[in-house]
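Sharing a model prediction with you, sequence too.
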Amino acid sequence: MADVIQLPGVVEQLKLIAGLRWNLLKNNLQRKNNRWDLIGMILAGVTSAVLVIGIAIAFYAGTYAFLSRNRPGWMALLFWAMFFWWQLVPILVAGFGANFEFRNLLRFPLSLRAFYILGLGYGFADFAAASSLCWIAAMLVAVATARIQLLPVMLVVSVLFILVNVTLERVIGSWLERIFANRRARELLVGIFVLSMVSMNFLNPALQRWGNTGTRPKILELLPYLSWLPGSLAGTALASAAAENSQAMLAACAGLLLWVAATSGLLWQRYRRQYLGEELSESAAPAATRRAVRKQVFSSAAPGLLPPPVAGVMRKEFHYLTRNGFSFITLILPPVMVMFFSMQFAGVNAQLKGHGMSPQTFFPAVMAYLILILLSPAYNSFAFEGPGIQSYFMAPVRMRDVLVGKNLFLVSVVAVELAISLSVLVWRLGFPGLPLLLSTIAAAAFAVSGQLTIANWSALSFPKKMEIGKLKGQRNSGVAVWTAFGVQILIGGIATIVLLAGRWLGNPWLPMVVFAGLTAAALGGYVASLDPLSNLAEQKKELLIETLCR
Amino acid sequence: MNEIAIRTEKLTRRFGPLTAVDSVDLRVNAGQFFGFLGPNGAGKSTTIKMLTGLLAPTSGRMELLGLDFQRSPIEVKRQIGVVPEGMGLFERLTGVEYLHFVGRMYGLDRATSEKRTAELLDFMQLADREKTLIADYSHGMQKKLALAAAVIHGPRILFLDEPFEGVDALAAGALKSLLGRMAERGVTIFLTSHVLEIVERLCSHVGIIHQGRLVAQGSLEELRAGIPGEEGEKKTLEQIFLSIVGQSGSEQSRLEELTWLT
């Protein structure tokens, strides 16, 4: 029989878990042995504190102004703002921030009640909740200063509002955890998130076009339907108290209470399921059936033209691209951004009138922007290999074959992207003339070939692991970013000088000829770099394997 | 058969102040089923990584099938197959795609690669998961796939780091048969495993590494003969292993300290 005679109380368990979180944080900093992390955290802490205090002042000022100017109905705006903050920030943190799986605590002998209370404790401890509590405190002070007779109502409303938010946030978090446990759902959500962020770029053009044609009144018509939601209920309770309409105030408070009951009930149900051992695993048990494999038809992108390892790497890259929602979206992005820029800065319907660009500037500028986006993954081209990186070093191939396979695939993708984007530009702005079109294409060829050698060196020297379907920590190493930045500035500078020289000398074909020469030189450098880079890969293989297999 | 498949001379690997593998002199004849044993952290995986080109030695020489690894790495790699620690799989490929990729990396033509892929998946009972990503395979399925990838090009030496870990009994039986048949055909198999019963059943020769040093090497009979005991008593590999690297006396005294548990 186990020696555990008496289980620790909830308070003791909270203390233990706070200690656990502290140790995790402390050990993480020690493991990385990186004082920059600590400095970064301190800076982030100071920035966050300034942000929270600044917004708290704004909440105080807003509350004071609404109440002293006899507009208590507007208090709903403040509650709504806080509601969105409280519910949305934890979702973003779930994607980008540190991940501590709360349900792991279930391995310990906790009662369901203790598990629930710990869950709520976690809900109060996150950044969104802590900052919102500060802002509610600021609002309470403002109410006490402006109209002290409303303070009791404000206190009740605040408690109910806090309970609604913390329980709702935990319910959403719990559902997100369940959804994110499934790889496909996770990737789909990441894709939707990125697309929705990109789509926001079109809000301004859309509002410019349709904003004054009856959309706003229709949105305003929807507002009364939001009155049953927590933000509006909290505002209504306060406004009714200010108008001494106790019936309406009680009704609004009852509404909030109903919300508390509903979200608490939902949270209890979710935690109960977790407590009873909800299965989140997505990996099905292997079926032990045996049958012959249907012979798969492999259609190579380059049948017989390339050595088998190069063709194999290209095919593998293709499969990875089709299964990486984020990379896939970066392919959709260029034509979309070209469309966006052409709507904003150029063409007959440019939104920023008086600040537009001529096609002579716009064509090369957009191409440069696209190459900037499309080439940046090359600076960390082994990011998604994971443990598979070992295959390259176990197989009887030199790294030059792997690099050539990866580069050829990237060049094919860039070529397709640029062709689509050029077609969109021609459609939106009209044909820019053959010399400019060919010069732009030649400049793009130079920019790509000129970067590949340095990008390969960067990928071998400064690898950083990335995982498909995750947003957290998905960025290249700092050195790789600065290398890419420097090379792109250099190439952009050279390209600009060549284009301007063509204009000054009045020879529209000169840039194309110069860029063709530069491309040939860059390609020569690229071929010459392959063997030294293979040797570098041998020297760096331990770093690559350690970094990517971690 | 006296051809030496694997020979190392003073093979050493240091990680800063730690010497993980210390002057190891290995001799493995062609066609031997060789078990490489040692406690956790003894240097087994580091040795395999050096022998397969995943890690450069700090000093010493390695010869595989008479070829100097440092001088002819590509030639050597063509002759060997590896299931490394962590398996080295591309998790975003399906089993079919991965095996075909590995086949191409070893220079197999398309038709041969496809044929062998199909046969190996069928043998490993993975044929019904041809469209499943490796990321969604169970650990045992990943292990079987890694083994299939290690043999797709018909290697002459096979390095296996914990090949039976996480594999179910049914599949383990099939794998043992496959490895046995390969050894009979002259393939040298070099495996590490913590399951000494498996090593005892499969391997004809054993090497034991402890704290980075090769402390014993030879056939099971030779190792048994080197261990003191009663005449006629047939010692198990576990007994041999414990008598060479174990600290049974101190373990006993440590156990006695755990009065609240034992």
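Here it is on my side, so go on.

In the stretch 101-250 of chain B, what residue lies closest to chain A?
Nearest residue of the stretch 101-250 of chain B to chain A: B:R104, at 3.2 Å (CB to the nearest CB). To be clear about C-beta, it is placed using only N, CA and C from the backbone, and glycine gets the same treatment.

hang on, that residue is in a helix, isn't it?
Yes - membership of B:R104 in a helix is supported by DSSP: H, G, I helix; E, B strand; the rest coil.

Do I have it right that it meets A:V310?
No - the pair B:R104 / A:V310 is not scored as a contact, 9.0 Å apart, by CB atoms under 8 Å.

Please identify the buried residues of stretch A:164-175?
Within stretch A:164-175, the residues that count as buried by 16 or more other CB atoms under 10 Å in any protein chain shown are A:164-174.

So which of those is the closest to chain B?
A:S174 (23.8 Å).

got the residues of the stretch 151-262 of chain B near chain A?
Proximity of the stretch 151-262 of chain B to chain A (CB under 8 Å from any CB of the partner chain) is limited to residues B:170, B:260.

Can you list the residue ranges for helices in chain B?
Per DSSP state H, chain B carries helices over the ranges B:44-51, B:73-79, B:95-105, B:110-123, B:139-151, B:169-184, B:196-202, B:220-225, B:237-245, B:248-257.

And for the stretch 301-450 of chain A?
A:308-322, A:325-345, A:359-375, A:389-394, A:399-429, A:434-461 (DSSP state H, counting those that start in this stretch).

Worst mean pLDDT among these?
Of all these, mean pLDDT reaches its minimum on helix A:325-345 (a mean of 74).

For that helix, which helices and strands make contact with it?
helix A:183-199, helix A:203-210, helix A:308-322, helix A:359-375, helix A:399-429 (3 or more CB pairs under 8 Å, 6 or more residues apart in numbering or on different chains; DSSP states H and E).

give me that answer again for 6 Å
Here helix A:325-345 touches helix A:183-199, helix A:399-429, going by 3 or more CB pairs under 6 Å, 6 or more residues apart in numbering or on different chains; DSSP states H and E.

how close does the nearest residue to A:G231 once chain neighbours are set aside get to A:L88?
Leaving aside its chain neighbours, A:G231 sits nearest to A:W80 (3.5 Å; criterion: CB to CB, 6 or more residues apart in numbering or on different chains). Per CB to CB, to the nearest Å, A:W80 is found 12 Å from A:L88.

the more surrounded of these two?
A:W80 (17 against 13; other CB atoms under 10 Å in any protein chain shown).

helix/strand/coil for the more buried one?
A:W80 - assigned by three-state DSSP - is helix.

That one contacts A:L233, correct?
No - the pair A:W80 and A:L233 does not pass the contact test of CB atoms under 6 Å, sitting 10.6 Å apart.

From the contact counts, what lies against the strand or helix carrying A:F485?
Assessed by DSSP states H and E, A:F485 sits inside helix A:478-504. For helix A:478-504, the packing partners by 3+ CB pairs under 6 Å, 6+ apart come out as helix A:359-375, helix A:434-461, helix A:510-549.

what comes up buried for the first one?
Of the residues in helix A:359-375, A:359, A:362-372, A:374-375 count as buried by neighbour count, 16+ other CB under 10 Å.
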